[in-house]
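**Student:** What follows is a predicted protein model with its sequence.
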Amino acid sequence: MIRAATEFLVAYMKKGDDGKYHIIPTFPRDWGFTVDFRLNKDCIIDLALTEFILDATLQASQVLGVDADLRARWKRSARNIAPYPKAKGPFGEVWLDVVDARWSMSLTSHHHGPCVPWRAGRHRLGEPHGNRGAPRCGQRAWKAE
């Protein structure tokens, strides 16, 4: 089952001109498509979960000694997933739900706000996030009123 999910994800992602694999279209939490998929690119939750599934499949494949012929493609996809969407806010850099969302949308709608998925063991609160190039976790995104 995990192999089938991984194969689906690898086929669904599209390699962009930047050499990264993008997830388009994608649904940020609790809302649907926007005009021309303007806010349906590289949802942070989908990026994080796809990275998790690819890594888990690679590990399982090695432990079980199966699918050696597929590992190179899975690894290439896992290592080249698009970066988490982020933007500069008044208190620093924050992650966003999707590419092209404004950080300020979080003040009026929960749909586009700063979002912080992280993989336990890989990311630590208050530390830079390794290969994801993301802002510091736990840093305040905006001033509370």
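**Tutor:** On my side now, so go ahead. Residues are numbered from 1 along each chain as shown.

**Student:** longest helix of this structure?
**Tutor:** Here the longest helix in the chain is taken by residue count, with DSSP state H as the criterion, and it is helix 44-64.

**Student:** Tell me the helices and strands packed up against that helix.
**Tutor:** Under the contact criterion of 3 or more C-beta pairs under 8 Å, 6 or more residues apart in numbering; DSSP states H and E, the helices and strands touching helix 44-64 comprise helix 2-12, helix 68-79. All C-beta atoms are positioned from the backbone trio N, CA, C, and that covers glycine.

**Student:** what angle sits between the longest one and helix 44-64?
**Tutor:** What that stands for is helix 68-79. Per axes from the mean of the first three to the mean of the last three C-alpha atoms, to 10 degrees, the angle that helix 68-79 makes with helix 44-64 is 150 degrees.

**Student:** Which positions within helix 68-79 qualify as buried?
**Tutor:** Neighbour counts using 16 or more other C-beta atoms under 10 Å place 70, 74, 77, 78 of helix 68-79 among the buried residues.

**Student:** One more: stretch 25-42?
**Tutor:** Neighbour-count burial for stretch 25-42 flags 26, 27, 28, 39, 40, 41, 42 (criterion: 16+ other C-beta under 10 Å).

**Student:** so how far is residue 73 from the third one?
**Tutor:** It stands for residue 28. For residue 28, the distance to residue 73 under the criterion C-beta to C-beta, to the nearest Å works out to 27 Å.

**Student:** can you check the first one too?
**Tutor:** Computed as C-beta to C-beta, the residue 26 to residue 73 distance reads 21 Å.

**Student:** Identify each buried residue in stretch 82-102, please.
**Tutor:** Buried residues in stretch 82-102, defined by neighbour count with 16+ other C-beta under 10 Å: 82-87, 89, 94-99, 101.
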